[in-house]
Structure formats: C-alpha cells, structure tokens
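Q: Sequence first, predicted coordinates after that:
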Amino acid sequence: MDSEHQIPELPEHGTEIDSEKLHEIFTLKNILFALVVVALAGVAFFFLWERKNRPIVNDHEKSEVVVPVNVVPVVKKVLFREDQLPGEIEAYQDVLIYPKVPGFVKEINVDRGSMVKKGKLMVRMYAPEYLAKRHEAAAKVAAAKAALASEESKLQDLKAELDKRRANLLADQSTYQRVYAASLVPGVIADNDVVQWSQTVQADRQEVNSFIKRVNSKDHEVSMRHEEVDAMIKAFESFADFASYLEIYAPFDGYITDRKMHVGSFVGPDGTGAYPPICRLKQLDLLRIIAPVPEELVGGVIIGSEVEFTVSSFPGRRFKGTVARISNSLDKETRTMPVELNYLNPDFKIVPGMFTKVYWPSRRQDTSLFVPISAVVSTPLSTFVCKVDNDRVDWVNVRKGELMDNMVEVFGDLKVGDMVAEQGSEELINQSRVKPVGKPLKVSTTTTSQEVAR
C-alpha cells in the first residue's frame, strides 16, 4: 500500500531550462555575428598599433618649406602727393556801398559791369534837411560869437575900471605917506587929517580887491563863452563836412557787380536791411582761393608755396596760386582749416563764384616708411604686415598713414630694408616657415635729391 501511494520522482525543471537556453544562444547566426565583431576589433587594433609605431613627420613644417611668398623691401620716402579739395573763389576785396548819411540819389555814374578806378565819383546825393540844419548851426555860431564879443567888452571895461581904482589907491597912499611924515613934526598936521587919509587908503584898497574879484569872475565867464563858441564851431564844421558825405568815391580799383538804386532813390547808412546798398564793388585783379585743408594735412602747409587749381570754365588747364594766409583754427564740424591762396588775375579770366578744385600738395617735412598697399592686412582686431625674417613670418602691428604711388605710409616696429610679404594675408600664419621670393632692393637711409626737390 505504501508502494502504491508513493509519489514518483519528477525531473529537475531547472536543468531542462538551462540546456534550452544554451541551445538558443549557440545558434549559427549568433556565432557568425560574434566572429564578425572579433574581426573588426582585430582590424581596428592593427591600424591603431601601426599608427602608434609610424615615424613622426611634421606636415606643417613640410608645408612651410614648399610655400613660396613674394616679398618686397620696406622703403623710406618723403610723403608728397596731390589731393583734390573743393575750393571757393572770392574777390580780394568786396564791399557794399552805403552812404554815410540818408538822402536822395541825385546822380549815379556806375552800373553793373562798370570798371572803376580808386577815387572815381560814383554817386552824388542831395539832402535838403541837412542843408537847413547847417544854416541853423551857422546862425547859432554867429549869435554865440556876438554874445562872446559883448562879454569880452564888459571884461575890458571892468579891467579899465580896476586900473583906475588902482591909480587912486596909489595916489591916496602917496598923500597919506606925506601927511604922516609931516605929522611927526608937532603942530604942522593935525592928527585928525592923518586918520582921515588912513581911512581913505583903506577904502581904496577894498574897492581894488572888489574889482579884482569882478574881473576874475567876468574873465571866467568869457572863458566859458569861448568854449561854447568852439563847440558850436566844431558842430558847424561837422555840417560843413556833410557836403563831402553827399559824394561817394570808389575806395579801390574794381568792378561794379551789382546795382540796387537809381536816381531819386532814398538811401541811408543803415546796413541791416532797412536801406539796401547802392551798389557792390569787387576787386577782381587779385582773387582769394579758399581751400578747406583736412586736419591730417595741416602740418604740411607752407606760406609762399605754390598750389595748382582748376575751374570748370577752362577744362584741362591748371592755374597756380600762392599760399598767403592760414586761419590757424580748425572747424569742429568738418575738421578742416581754411587756407587762402592769392591768385593774380589781370585779364579777369577767373571770376568769384566759379566752381574750383584745388590740387593740394600733401608733404611731410621728415621721411617715413612705405610698403605696398596690398602688404597691409586690416582685421577688426589689428592692422599688421607679414614681415619675413629668416624664412619665417612675423606679424608686425602697424598704423597706416597716407597713400602715395600705390604705396601706403606705415608706422610700427619696422626699418628700411625689412622684407614683407607683397600680398599680406591671415593665411600666412604667424611664425610659420615660408620660402621668400624676390630680390631685396638696396635702399638708401638718406633722402634722395629728387625727394628733396619735391
């Protein structure tokens, strides 16, 4: 019974599962995949091992040796070039003719385009109210002179009366002295007579002093009258000079370029616009050529140097002016300084207002270094040239100056004879090795005679 109810042994379930898994893993597909991965790993390991054991070769140095670079020398020159500047042409002298006093134009002898000489009568005027004032001033002067003569007569009368009083004083003093001398002898002169003569002399002396004061007062009054008369005479003389103001003469030789008034027009000295000018006079045989010289060229301005200019009326022809005046002040807005040239214009070919171009010579007093324009490399961070020294590139920072003959002025750590790349570029890496191509030029460290002549 026990054997019948005994439970039979079951196979181990875990053992069957592991064998099944191993069977699934070691399939042909998985084995091939593993072999491919191992092969690829072996190939990669072979290439890495070969690269590690390969001899080291500097490709950068190899490329530096084969790169040719055209080089040119740094040269020293005196900056000299011509810049075209817009200019203005003005008359040497330009005046608006106004009268000194208001009045009517009685006669005008000039018109637009008239050529006048200095001192020529241009305008004659008429002013009736000033003539009436002149007559009034003359009458006042005559009255003042008559009053002065009357006062002078009174002064002479007072002086004559003073002389008479002084004579009486001297006579009474003489009598008093004789009476006093006689009174010293007893019984000759009474004492009362001596006292009376003494009082008479005292009264005469007081009268003389009073007349002296009256004469001095009258003399002062006469002096005041003299001053009044002198003032009136001067005032009258100003009216007398008024006749010369009614005639206007040319202040210099020139041309009448404009005329505003005619015979019968009322004119005045007010130059603010209430009264327009009678005419306009310009000197044209000598002109002013005004050129706005930029700030960087101001240092080369030389008084007396010749500067050429052109005008549109004579295309292809250049005229020469002489630097005459420098303003010595820069315009803050344009950063230019006005410089004036004198131009003799005896045949009046050039007139004020013509459009002109000034060929301003830019020059420096000292020499400076120049390189081709293409040799300078400008980047947002720096400006430099590629200096080639011992077959290596050296970036040298520079500051650009003026242009001249396809070359540019440079300032930096350079010297005459240094070789720089003719075509500067950022591709010429700093401190890289190159092969310079080009024959160095022999450059003199002194200024040539041709440069000095310029």
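A: Nice, I can see it.
Q: CA atoms for contacts and neighbours, from now on please.
A: Noted.
Q: Compute the mean per-residue pLDDT across stretch 397-416, please.
A: Mean pLDDT, computed over stretch 397-416, is 91.
Q: Now do that stretch: everything it contacts.
A: 73-76, 79-81, 368-373, 382-385, 396, 443, 445 (CA atoms under 8 Å, 6 or more residues apart in numbering).
Q: per-residue pLDDT, Trp49?
A: In this model, Trp49 carries a pLDDT of 69.
Q: Mind giving me the PyMOL select for the contacts of stretch 397-416, buried ones only?
A: Typed into PyMOL, the line below selects the buried ones among the contacts of stretch 397-416, using 16 or more other CA atoms under 10 Å:
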select buried, resi 73+74+75+76+79+80+368+369+370+371+372+373+384+385+396
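Q: Next, count neighbours for Ala203.
A: Using other CA atoms under 10 Å, Ala203 has 12 other residues around it.
Q: Same question for Glu151.
A: Neighbours of Glu151 using other CA under 10 Å come to 18.
Q: Could you say which helix or strand holds it?
A: Assigned by DSSP states H and E, Glu151 belongs to helix 128-183.
Q: how far is that helix from where the chain is centred?
A: Its chain's C-alpha centre and that of helix 128-183 lie 68 Å apart, by CA atoms, centre = their mean, to the nearest Å.
Q: for stretch 109-119, same thing?
A: Between the centre of stretch 109-119 and the centre of its chain there are 34 Å (CA atoms, centre = their mean).
Q: mind checking the end-to-end distance for that stretch?
A: For stretch 109-119, the first and last residues are 13 Å from each other (CA to CA, to the nearest Å).
Q: who touches it?
A: 121-123, 249-259.
Q: Just the buried residues of it, please?
A: Neighbour-count burial for stretch 109-119 [16+ other CA under 10 Å]: Val110, Asp111, Val116.
Q: for stretch 192-207, same thing?
A: For stretch 192-207, using 16+ other CA under 10 Å, the buried residues are Val194, Trp197, Ser198, Val201, Asp204, Arg205.
Q: Next: stretch 177-196.
A: Val179, Tyr180, Ser183, Val194.
Q: quick one on the thing from earlier: I'd like the contacts of stretch 109-119 as JSON lines, with pLDDT appended.
A: Below are the contacts of stretch 109-119 laid out as JSON lines (pLDDT from 0 to 100):
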{"residue": "Leu121", "pLDDT": "95"}
{"residue": "Met122", "pLDDT": "95"}
{"residue": "Val123", "pLDDT": "95"}
{"residue": "Tyr249", "pLDDT": "94"}
{"residue": "Ala250", "pLDDT": "95"}
{"residue": "Pro251", "pLDDT": "95"}
{"residue": "Phe252", "pLDDT": "95"}
{"residue": "Asp253", "pLDDT": "95"}
{"residue": "Gly254", "pLDDT": "94"}
{"residue": "Tyr255", "pLDDT": "94"}
{"residue": "Ile256", "pLDDT": "95"}
{"residue": "Thr257", "pLDDT": "94"}
{"residue": "Asp258", "pLDDT": "94"}
{"residue": "Arg259", "pLDDT": "94"}
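Q: Can I get the buried part of these as one PyMOL selection?
A: Those of those that count as buried under 16+ other CA under 10 Å are selected in PyMOL with:
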select buried, resi 121+122+123+249+250+252+253+254+255+256+257+258+259
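Q: Go through the contacts of stretch 109-119 and flag which are in helices.
A: In this view, the contacts of stretch 109-119 have no member that belongs to helices under DSSP state H.
Q: which of the contacts of stretch 109-119 lies closest to Leu158?
A: For these, the closest approach to Leu158 (CA to CA) belongs to Tyr249, at 54.4 Å.
Q: give me every residue that touches the closest one.
A: Lys118, Gly119, Lys120, Leu121, Met122, Val123.
Q: Asn342 versus that one, what's the distance?
A: Remark: distance between Tyr249 and Asn342 (CA to CA) = 26 Å.
Q: same thing with Glu228?
A: 53 Å.
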